[in-house]
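# just to be clear, the model below is a prediction. Sequence and coordinates:
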Amino acid sequence: MKSEKGKREIIAFAVILLAIISMLAASFIKTNAYNSVRHFDEVRGAELFSPEESDKKGVTIVAVPRSSTWTKVFDLENEGLTEHNYQAYTYDFTISNDTPDEVNEFIFTLTFSREVYLMSAWNGALEIHQKTGDGEIVDTVPDLREYNPEAHKLRYVTVDGESLIQMNAGDYLVYMPSSTMNALEVPIEPQEATTPGIILYVAIGESIKDSYLSLEYTFNRLITSEPLFWISIGLLALWFMTLVILLIINASIAKFQERHERDNEIINESIETFTGFIDAKDPYTNGHSKRVAIYTKRLAKEFGYEGEELDRVYYIALLHDCGKIGVPDSILTKPGKLTDEEYEILKSHSARGAEILSSFKSLKDVEAGAHYHHERYDGKGYPDGLKGEEIPFIARMICVADSFDAMNSNRVYRKKLPREKIISELEENKGKQFDPEVADVMLRLIREGQIPIGK
């Protein structure tokens, strides 16, 4: 039973630990899956080119032009133009991270709705897409501030010694942020922002406010930001605490059981030693008390007693004849028939035993076995003439076990009875001397060979 309980505890703890580990693994899988998702957002017009802060939450981008601008003459056809016809705009593209997670990487694509000329950009690289009649030109400029037209295949113009990349309507650029220590545009920490910039020229009176931008980004959510992770850690901590507590409790229980078993052994040896003195008064009944205790315990087990209750039954039955300590040896060992006076003295051992055991408070109902084991089911027993259910059940079991051992043992006044005679005595005295139910159980145990009997 103890082993089975221990196995169940181990299985339960293993199953719970497996479930917690599964939850922990699920939190990692969930976080990695979240981090692998690429998020997209598209903004245009007033939503993009606004000097005011956006009310949107999450990851947002806004393009704000600086107030300081200048103009320049673009005489691309060598017409001798002298009036300034293009204006420079400096745009700060602020990517804000209003989330609890780190933005691991981002790119944004800016598609122009009209002709513009790119002058400079910082801090990242630009991937330029210029449409042609049969496709497009794609080239990457690592740093537009150091643009050398001879190193690239892009369309460009030269104005006042400056090489400007020409972007027609429908052309677009892809901004790829810098991760160098100087710029460190990625990652973007929670509640932080980064601001790359672009300088471009637009015809005076025009703007790029009808251009549109798409933002693509991924998160680097820390596992510590995943609620399932902390639930798993909390459950794991609780599991360890419970395990430690259980180990401490089991160690205490084991120590208690060891001490309890040692105490029981001492009690058992003490009682057996005491009953050995009683049995020694009559060589013909030597071992009688222990055998009666064994038979009574076996009967009690059939009636559902278990554990310490069985031990208690055993000790009570072991002490059932303790009152004989006060009966003279001459009476106990007399081979012939006892006189009426001698028989009364012998009968007194039950009341005397109960009196001896009355101070034995640590063993519940211990005096009942000694006091009532000679009561009869039909009410004709002694010392009180109790009948049927009035007799304590422990005494009714001892009565059957005591009578069986008496019939199955050699006595000073007769030899032990044959097997069939013992069985017939038990059968005939059901409802008379014996509780019928207890007698039936004893008969079944005898017939099944679970209780030894002479031939």
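That came through, no problem. Residues are numbered from 1 along each chain as shown.
# any idea which element the most far-flung residue of the chain relative to its centre lies in?
The centre of the chain is farthest from one residue, Gly80, which by C-alpha atoms, centre = their mean lies 84.8 Å away. Using DSSP states H and E, Gly80 sits in no helix or strand.
# likewise for the one 10 residues further on?
Per DSSP H and E, Thr90 falls inside strand 86-98.
# about what we covered before: mind checking pLDDT for the residue farthest from the centre of the chain?
Per-residue pLDDT puts Gly80 at 91.
# give me phi/psi at it?
phi 80, psi 30 (degrees, to the nearest 10).
# do Thr218 as well
Thr218 adopts backbone torsions of phi -130, psi 160, taken as degrees, to the nearest 10.
# quick one, what contacts it?
Thr218 is in contact with Asn35, Ser36, Val37, Arg38, His39, Val103, Asn104, Glu105, Phe106, counting by C-beta atoms under 8 Å, 6 or more residues apart in numbering. C-betas here are computed from N, CA, C, even on glycine.
# bridged to it, which residues?
Glu105 (DSSP bridges).
# any idea how far it lies from Ile107?
Distance of Thr218 to Ile107, given as C-beta to C-beta, to the nearest Å: 10 Å.
# returning to that earlier point: and the two most separated of the contacts of Thr218?
Spatially, the most separated pair among those is Ser36 and Phe106, at 15.1 Å (C-beta to C-beta).
# okay, these two: which has more neighbours?
Neighbours per residue (other C-beta atoms under 10 Å) separate Ser36 from Phe106, with Phe106 holding more: 24 against 9.
# quick check: closest non-adjacent residue to the more buried one.
Tyr217 (3.8 Å; C-beta to C-beta, 6 or more residues apart in numbering).
# and that neighbour, how far from His39?
Separation of Tyr217 from His39 (C-beta to C-beta): 5 Å.
# which one of those two is surrounded by more residues?
Neighbour count, other C-beta under 10 Å: between Tyr217 and His39, Tyr217 has more, with 21 against 13.
# show me how far stretch 71-78 is from its chain's centre.
Counting by C-alpha atoms, centre = their mean, to the nearest Å, stretch 71-78 is centred 76 Å from the centre of its parent chain.
# check which residues of it are buried.
By 16 or more other C-beta atoms under 10 Å, the buried positions in stretch 71-78 come out as Lys72, Phe74.
# ends of that stretch, how far apart?
One end of stretch 71-78 sits 18 Å from the other (C-alpha to C-alpha, to the nearest Å).
# which residues touch it?
With contact meaning C-beta under 8 Å, 6+ apart, stretch 71-78 is reached by 81-88, 117, 157, 159-160, 201, 204.
# list only buried entries from the residues you listed.
Taking 16+ other C-beta under 10 Å as the criterion, what is buried in the contacts of stretch 71-78 is Asn85, Tyr86, Gln87, Ala88, Tyr117, Val159, Tyr201.
# quick check, the last one in contact with Ala88.
Yes. Counting by C-beta atoms under 8 Å, Tyr201 touches Ala88, with 5.4 Å between them.
# so for those two, which residues contact both of them?
Shared contacts of Tyr201 and Ala88, defined by C-beta under 8 Å, 6+ apart, comprise Lys72, Met119.
# so Leu184 touches Ser178, yeah?
Yes. Using C-beta under 8 Å, Leu184 is in contact with Ser178, at 7.3 Å.
# ok, these two, which is more surrounded?
Higher neighbour count among Leu184 and Ser178: Ser178, with 18 against 13, using other C-beta under 10 Å.
# any weak-confidence spans in the stretch 151-300 of the chain?
The stretch 151-300 of the chain contains residues with pLDDT under 70 at 275-286.
# so where do the helices sit in it?
Using DSSP state H, counting those that start in this stretch, the helices of the stretch 151-300 of the chain run over 227-280, 288-302.
# can I get those in TSV including distance to Lys334?
Shown next, in TSV, are the helices of the stretch 151-300 of the chain (distance: least, C-beta to C-beta, whole Å):
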stretch	distance to Lys334
helix 227-280	17
helix 288-302	17
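# quick one, which of the ones you listed gets closest to Ser358.
Ranking the helices of the stretch 151-300 of the chain by distance to Ser358, with C-beta to C-beta as the measure, places helix 227-280 first at 15.6 Å.
# that closest one versus helix 288-302: what angle between them?
Angle of helix 227-280 versus helix 288-302, following axes from the mean of the first three to the mean of the last three C-alpha atoms, to 10 degrees, is 150 degrees.
# for the helix or strand hosting Ala354, which positions count as buried?
For Ala354, the enclosing helix or strand under DSSP H and E is helix 340-357. Within helix 340-357, the residues scored as buried using 16+ other C-beta under 10 Å are 342, 345-357.
# what does the helix or strand that that helix is followed by rub up against?
Later in the chain than helix 340-357, the nearest helix or strand by DSSP H and E is helix 366-372. Residues from elsewhere that reach helix 366-372 (C-beta under 8 Å, 6+ apart): 315-317, 319-323, 350-351, 353-358, 360, 383-384, 386, 391-392, 394-395, 398.
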